[in-house]
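Student: below: sequence and its predicted model.
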Amino acid sequence: MQLISPSATETEVKSERPPASPARSRIRRASIILLFLLPSVILYTVLVVVPIIQAAYYSLFRWDGLEPLVNFVGLHNYLLAFSNPVFLETFAHNLLIVALSLCIELPFALLVSLVIGKKLPGGMIFRAIFFMPFVISEVIAGVIWQFIYRPDGGLLDAILQALNPHFQGGLWLADPRITLICIFVVIVWKYFGLYVVLYTAAIQNVPDEIVEAARVDGATGLQVTRYITIPLLGTTIRLSILLSVLGSLQIFDIIYVMTHGGPIHASEVFATYLITYGINAFAMGYGSAIGVVMFLTCFVFALMYQRFAMQRDVASSIAMQEA
Amino acid sequence: MKRREFLASMGGLVLASPLAISACGNTSTGSTTGNQKVTINWWFLDGQAKQNADWQNVAKQYMKAHPNVTIKTTIIENQAFKQKLATVMQAGQPPDIFHSWGGGILFNYAKAGLVKDLTPDLQGGWGDSFSQSALNVYAQNGHNWGVPWDMGGIAFYYNKDLFAKANITQLPTTWSQFLQVVQQLKSAGITPIALGEGDKWPGHYWWAYLATRIGGKAGFDAAATQQGAGFASQPFVEAGQRLQELIALKPFQKGFLGAVYNDEITAMGTGKAAMELMGQWAPAADEGQVPKGKTLNLGFFPFPMVEGGAGNPNDVFGGGGGYAVGKNAPQEAVDFLKFFTSVQVQRAFGKAGYLTPVVKGASDALTNPLLRDVQNMVAHAPYFQLYYDQYFPPAIANAVLDGTQALYAGTTTPQAVAQQVQAAAATALQGS
């Protein structure tokens, strides 16, 4: 089959055709674009948009998932949620994880990638090692760390006792005061590799000439980092903040596997709360309300963030277009 | 042209094939008997390896006798089972045969029409073969929604060697004696009690039993029918106070608040803790965790009486296991259940120590003295109370589980727990 016609005949044929009107060609272009987008749009609508609308609808009812949908209660489920101290505690835990990620995980990843930099010998090996926990499934990671945190003979206790013979052994995940911190350590272990890879890739793109010019001008390593490298990493840093916040709001598998949200709700987050008190308690309306709250939190944050913080990065996106 | 036609026909085939495959798949459309190929989906709980194998053997025996029937087994751990069942129930696709503890949760499913009504099948011989009190756990308003194969009570299982080491010569019969035993064990450097409170349900046994001893049947019935202060009444508050007396002695193993039931089994099996308050499956479960070369000598004693309580010292709090049949199950599923609850199978499993039989003529098959003790206890109980977290709808169950866990963590008061349960009961029990 001939896919490539000789260009001479092509242009001849083209020049003989009258030019299409601007409106027609725009419509044609738009419909071609739409056609190519259609499969993704259909999938997205069916799998994402429709369930969200359904959840919003279910959240207006009191429903156990088994009986027909008849008990309309309006916004009662939302009132219940926000007057429930356990749910408010859950909200606080999510915000805490977000704050800890932004203040500890990201700076730590940035530090590591700055150290690896462009030319550290074995840089590739380090990146691979740091990235490996990200590849393990969340459930496996949760199970592994459960062994490490075991109060009676776990790896962590054994190591600490070897270092300090007087150490009594901690409760770790069984202690409501520190269980969230212990889980956060696992979260950092698992995800900081992703950010290291992102940052080191971005660092590779810092032009050498600028750095050399700065050095010629007498800048120290620290000044180069502060005034040149980090600003040039701006896009990547802003992106990683977005990913990190959304990820922290939606975290589930690790926490559910390790502590089920307990003990006494000390590690409860949106997703575990939804599962335990919504789906498993046969309170589908209430669970849907929690889901909608979770969705709105993420959605509003993502929109606001893209509008205000990521302006220069997504200049061509809908958020920026005024006209 | 030719290629286009070929592509079109392939496309048509691909689109049509799921319909064709699903048409000749599971029959699962009500009562089909005879030689049609039938598949039964059977969900049962994960026991120890040998127990799972024996359970599977029952299916294999049935399949051999009925070549047209295929039984697909799904073995799931306790907590995961509760989760998975909830999901498929909400999707309206119940498994053909699934584990059930009876009580409010099963009746919720029945109300939604997801469970087969076994009352017609139980008329006559099959129904008469059961112990009536066991069968009643699965019955409501004259309808039978499941059949039991195990019914026992919660009691203490203790490590005889560890008790001897602590010089405990007499088993406690009152709550204060029990607290003394706990203190004796602690002074001897032994962890008195194994408890997997991370799962929440093992811990609620203590609170419920104390409430049973303090309030008795009258106290519970009054609360369940929402008379007076309901669950905020005195027996339930005092149950929390008595439990606090025990918690104050710090008798549990390290990290009990985050431990799951499997950790409790391990603690008992490896001799790390002296006793547990658990059900009739405990001896078999603990035995499975005993290290090679060691032996575990378990003893039995019932829950002690609480001084001044209104309950009968012989009242029993417990439950068992049973199976319910999904609405779409073929008639062969009911037939298989008849086989599973037959005297031979009950005798074999009773002898192996997996259950306390509920079928007449099988009770003397128990060889394990511990299970005979359980059986005696249940047989002589004037009042039998099913586990709270199965008896009640999920909202009340959650209130009980969360409230008791908070008691163990020391973050709440007995009054608050009772109030919490009462608040949940007030909403959930209205109009039932």
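Tutor: Yes, it's here.
Student: could you list the low-pLDDT ranges of the chain?
Tutor: No chain specified, so I'll use chain A. Within chain A, the ranges that satisfy pLDDT under 70 run A:1-20, A:314-323.
Student: ah, no, chain B please
Tutor: B:1-34, B:430-432.
Student: for it, what's the longest helix?
Tutor: helix B:201-224 (DSSP state H).
Student: how far does that helix sit from the chain's center?
Tutor: 17 Å (C-alpha atoms, centre = their mean, to the nearest Å).
Student: outline the domain layout of chain B.
Tutor: Following automatic domain parsing, chain B resolves into domains at B:35-152+B:319-379, B:155-317+B:386-428.
Student: could the ones you listed go into a markdown table alongside mean neighbour count?
Tutor: Heads up, the C-betas are built off the backbone N, CA and C, glycines and all. Output for the domains of chain B, formatted as a markdown table (neighbours: other C-beta atoms under 10 Å in any protein chain shown):
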| stretch | mean neighbour count |
| --- | --- |
| domain B:35-152+B:319-379 | 19 |
| domain B:155-317+B:386-428 | 20 |
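Student: thinking again about what came up before, for the longest helix of chain B, name the packing helices and strands.
Tutor: Helix B:201-224 is packed against helix B:234-248, helix B:261-269, strand B:273-278, strand B:316-325, strand B:384-386, helix B:388-391, helix B:394-409, helix B:414-428, with contacts defined by 3 or more C-beta pairs under 8 Å, 6 or more residues apart in numbering or on different chains; DSSP states H and E.
Student: now the ones you listed as CSV including distance to residue A:189?
Tutor: Output for the helices and strands packed on helix B:201-224, formatted as CSV (distance: least, C-beta to C-beta, whole Å):
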stretch, distance to residue A:189
helix B:234-248, 34
helix B:261-269, 24
strand B:273-278, 32
strand B:316-325, 40
strand B:384-386, 44
helix B:388-391, 35
helix B:394-409, 27
helix B:414-428, 37
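Student: would CSV of these with distance to chain A be doable?
Tutor: Output for the helices and strands packed on helix B:201-224, formatted as CSV (distance: least, C-beta to the nearest C-beta, whole Å):
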stretch, distance to chain A
helix B:234-248, 13
helix B:261-269, 8
strand B:273-278, 11
strand B:316-325, 14
strand B:384-386, 18
helix B:388-391, 11
helix B:394-409, 4
helix B:414-428, 10
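Student: nearest to residue A:234, of these?
Tutor: Proximity to residue A:234 (C-beta to C-beta) singles out helix B:394-409 among the helices and strands packed on helix B:201-224, at 45.3 Å.
Student: looks like residue A:157 contacts residue A:171 (just checking).
Tutor: No - the pair residue A:157 / residue A:171 is not scored as a contact, 9.9 Å apart, by C-beta atoms under 8 Å.
Student: now the common contact residues for these two.
Tutor: In terms of C-beta atoms under 8 Å, 6 or more residues apart in numbering or on different chains, residue A:157 and residue A:171 are both contacted by the residues residue A:151.
Student: contacting residues for residue 70?
Tutor: If you meant another chain, say so; for now it's chain A. Residue A:70 touches residue A:61, counting by C-beta under 8 Å, 6+ apart.
Student: wait, I meant chain B there
Tutor: By C-beta under 8 Å, 6+ apart, the contact list for residue B:70 reads B:37-40, B:63.
Student: chain A: which of those is nearest?
Tutor: Chain A lies nearest to residue B:40 out of the contacts of residue B:70, by C-beta to the nearest C-beta, at 22.8 Å.
Student: and the nearest residue to residue B:367 once chain neighbours are set aside, how far from residue A:70?
Tutor: The shortest distance from residue B:367 to any non-neighbouring residue, by C-beta to C-beta, 6 or more residues apart in numbering or on different chains, is to residue B:351 (5.3 Å). Distance from residue B:351 to residue A:70, counting by C-beta to C-beta, to the nearest Å: 51 Å.
Student: keeping just the C-alphas, turn stretch A:74-87 into CSV.
Tutor: Extracted in CSV, the C-alpha atoms of stretch A:74-87 (Å, rounded to 0.1, in the frame of the first residue of the first chain):
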residue,chain,number,x,y,z
GLY,A,74,-30.3,15.9,52.8
LEU,A,75,-27.1,17.2,54.3
HIS,A,76,-27.6,15.3,57.6
ASN,A,77,-24.7,12.9,56.8
TYR,A,78,-22.3,15.9,56.4
LEU,A,79,-23.6,17.4,59.7
LEU,A,80,-23.0,14.0,61.4
ALA,A,81,-19.5,13.8,60.0
PHE,A,82,-18.4,17.3,61.1
SER,A,83,-19.9,16.9,64.5
ASN,A,84,-18.2,13.6,65.0
PRO,A,85,-15.0,14.0,67.0
VAL,A,86,-13.5,10.9,65.4
PHE,A,87,-13.9,12.3,62.0
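Student: alright, calling it a day.
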